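> Provided below are the primary sequence and the corresponding predicted coordinates.
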Amino acid sequence: VSTLRIAPSILSADFTAIASAIDRIEQSGADWIHLDVMDGHFVPNLTFGPKMVADIRKLTTLPLDVHLMVQNPDISIPWYIESGADHITFHSEACVHAHRAVQQIQAARVRAGISIVPSTPVAAIEPLLDCVDIVLVMSVNPGFGGQQFIPSTLQKVSQLARARDNAGARYDIVIDGGVNQGTGQQLAAAGADVLVSGSAFFQAPEPARFVQALKNPGAA
Ligand code: DX5
Ligand code: ZN
């Protein structure tokens, strides 16, 4: 009955075995593939760039949900459009002209997302809420998988759910960081639409069962 969607992040996969990670995600019944791009400047870690996204594009028809943790994303947004991303989410903190970047993404018929780190309030992106397709709330400080969920994030989720109802906006509320079955249940209750899962998904002995448990928190 739940419409909650799950987006496994390949950040916790073995980067020398990406095809099998994509296979694991497809077999699990998950909805999107979350791709964490890090530049070593906006966050203290480096991952991969547009070639990885283009190569994954050839392996799957699942939506590719690109999460840009990079400075000045307006420079690299065209690379990810070209690579076949279905969604491109960038950080409010990394981009002065965020409204222009949203238009740049949407002009290519790609869904545009805005993200905020734990120390940024929802108010910082309020002027964008009527034009974005995705709001990604970071529930850990971005840069690494396997960190602990920051509870104050729950208030941001309910605030965004209320704001959408009032404004008639259409964004999906995506939560990223520290998602497991316990936090997933709280996030679903607060109004999240999509849960990103990295370490918990790749550690699960049975990925399909894990995805079902996240989607139907009451059932298990
Ligand atoms: C963190 C990334 C996340 C990460 C989540 O900077 O944006 O997408 O993969 O990993 P977990 O689920 O392990 O917190
Ligand atoms: Zn992410």
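Arrived safely, thanks for sending. Ligands and ions are numbered 1, 2, ... in the order given.
> So which elements touch the longest helix anywhere in the chain?
The single longest helix within the chain, with elements called by DSSP state H, is helix 153-167. Packing partners of helix 153-167 (3 or more C-beta pairs under 8 Å, 6 or more residues apart in numbering; DSSP states H and E): strand 134-138, strand 172-176, helix 181-190. C-beta: built from backbone N, CA, C; applies to glycine.
> ok and the last one relative to strand 134-138, angle-wise?
Using axes from the mean of the first three to the mean of the last three C-alpha atoms, to 10 degrees, one finds that helix 181-190 and strand 134-138 are set 140 degrees apart in direction.
> Just list what helix 181-190 packs against, helices and strands only.
Where contact means 3+ C-beta pairs under 8 Å, 6+ apart, helix 181-190 is packed against helix 153-167, strand 194-197, helix 207-215.
> Dump those to JSON lines, plus mean pLDDT, distance to Gly146 and mean neighbour count.
What follows is the helices and strands packed on helix 181-190, written out as JSON lines (pLDDT from 0 to 100; distance: least, C-beta to C-beta, whole Å; neighbours: other C-beta atoms under 10 Å):
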{"stretch": "helix 153-167", "mean pLDDT": "94", "distance to Gly146": "17", "mean neighbour count": "17"}
{"stretch": "strand 194-197", "mean pLDDT": "98", "distance to Gly146": "11", "mean neighbour count": "26"}
{"stretch": "helix 207-215", "mean pLDDT": "97", "distance to Gly146": "16", "mean neighbour count": "19"}
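> nearest to Ile173, of the ones you listed?
Ranking the helices and strands packed on helix 181-190 by proximity to Ile173 (C-beta to C-beta) places helix 153-167 first, at 5.1 Å.
> List of residues touching the closest one?
The set of residues external to helix 153-167 that reach it, using C-beta atoms under 8 Å, 6 or more residues apart in numbering, is 116, 118, 121-122, 126, 129-130, 135, 137-139, 169-171, 173, 175, 186-187, 190-192.
> Show me which of those residues are buried.
In the contacts of helix 153-167, burial by neighbour count holds for 116, 122, 129, 135, 137-139, 169, 171, 173, 175, 186-187, 190-192, counting by 16 or more other C-beta atoms under 10 Å.
> near ligand 2, which residues of the protein?
36, 67, 176 (C-beta under 5 Å from the ion).
> How confident was the prediction at the last one?
In the prediction, the pLDDT value recorded for Asp176 is 98.
> where exactly do the helices run in the protein?
18-28, 50-57, 73-82, 98-107, 153-167, 181-190, 199-203, 207-215.
> quick one, what contacts the residue in the chain positioned nearest to ligand 1?
Among all residues of the chain, Gly198 sits closest to ligand 1, at 2.7 Å; criterion: C-beta to the nearest ligand atom. Shown in contact with Gly198 (C-beta under 8 Å, 6+ apart): 8-12, 34, 36, 145-146.
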